[in-house]
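Participant: starting from these lines, generate the structure:
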Amino acid sequence: MSKIQKNKKEKESSLYAAAYDLFTTKGIHNTAISDIVKKAGVAKGTFYLYFKDKYDVLDKIILDKSTEILSLAINKTNLKQFLSFEEKLFYFINCIIEYLKENKLLLKLIYKNLSWGVIKKACKDYKEINEIFYMFEEGFKDLDREEVEKILFMIIEITGSVCYSCIVLNEPTDIDEMKPILFETIKKII
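Facilitator: You can find the predicted model right below:
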């Protein structure tokens, strides 16, 4: 990598990190591009070399962080042995829940975007996301890929929404109280 390329990458990373920090602490709506560039230590015009607006950097953060959560969960899951697909799936979901409990500010930022759209965008670039598909295909051997994708869609969407409501809003209750109900609902889906 040339010195110019390295410098560009450092500026983009600095903008990304500044935006993430400000979005999680001040909120998206209370963060201006001028705040991001000031924190990153770059000129305002530099921002527009990498992102078209603050929502563009937000989309990148959501994709990266959501993928990170799912990748960590599948990697932890793959380290263990399970007697059944159901047990493996619940362990995977529990890894997601526990990560989000510890990272409430991140959950507030990604809102309900731990979703199917994230998985579809990320499957090209992250092998771990494809491992989630493989886990589901293995668990649903009698279904075709399209049906497996629909089930995966529902489970990820439900998990993301329940986590946001219970962890961030504490509605209708906290996540630990809601977890058995979530697992029972997913059991009915599978």
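Participant: give me the domain ranges for this protein.
Facilitator: When the chain is parsed with automatic domain parsing, its domains come out as 1-51, 58-189.
Participant: show me where the protein has its helices.
Facilitator: 3-26, 33-40, 44-50, 54-78, 85-102, 104-110, 116-122, 127-139, 145-163, 175-189 (DSSP state H).
Participant: can you tell me how far residue 123 is from residue 111?
Facilitator: 21 Å (CB to CB, to the nearest Å). Using the backbone N, CA and C atoms, a C-beta is placed for each residue, glycine as well.
Participant: repeat that for residue 160.
Facilitator: Residue 160 is 9 Å from residue 111, by CB to CB.
Participant: lowest-confidence helix or strand of the chain?
Facilitator: Taking mean pLDDT, DSSP states H and E as the measure, the helix or strand of the chain with the lowest value is helix 116-122, at a mean of 69.
Participant: in this protein, where is pLDDT below threshold?
Facilitator: 112-113, 115-118 (pLDDT under 70).
Participant: please redo it, this time with the cut-off set to 50
Facilitator: With pLDDT under 50 as the threshold, the chain has no low-confidence stretch at all.
Participant: center of it - which residue?
Facilitator: residue 66 (1.2 Å; CA atoms, centre = their mean).
Participant: mind checking how far that residue is from residue 24?
Facilitator: 14 Å.
Participant: you'd agree residue 36 is up against residue 15?
Facilitator: Yes - using CB atoms under 8 Å, residue 36 is in contact with residue 15, at 6.2 Å.
Participant: mutual contacts of the two, please.
Facilitator: 47, 57 (CB atoms under 8 Å, 6 or more residues apart in numbering).
Participant: returning to what we had before: how close does the residue nearest to the centre of the chain sit to residue 184?
Facilitator: From residue 66 to residue 184 the distance is 25 Å (CB to CB).
Participant: one more: residue 131?
Facilitator: 26 Å.
Participant: neighbour count winner among those two?
Facilitator: Neighbours were counted for residue 131 and for residue 184 using other CB atoms under 10 Å; residue 131 has more, 16 against 9.
Participant: contact partners for the nearest residue to the more buried one once chain neighbours are set aside?
Facilitator: Nearest non-adjacent residue to residue 131, counting by CB to CB, 6 or more residues apart in numbering: residue 74, 5.0 Å away. Neighbour list for residue 74: 92, 128-129, 131-132, 135 [criterion: CB under 8 Å, 6+ apart].
Participant: can you rerun that using 10 Å?
Facilitator: 92, 95-96, 126-135 (CB atoms under 10 Å, 6 or more residues apart in numbering).
Participant: and the residue nearest to residue 77 when sequence neighbours are not counted, how many neighbours?
Facilitator: Leaving aside its sequence neighbours, residue 77 sits nearest to residue 92 (CB to CB, 6+ apart; 4.5 Å). Counted by other CB under 10 Å, the residues lying close to residue 92 total 23.
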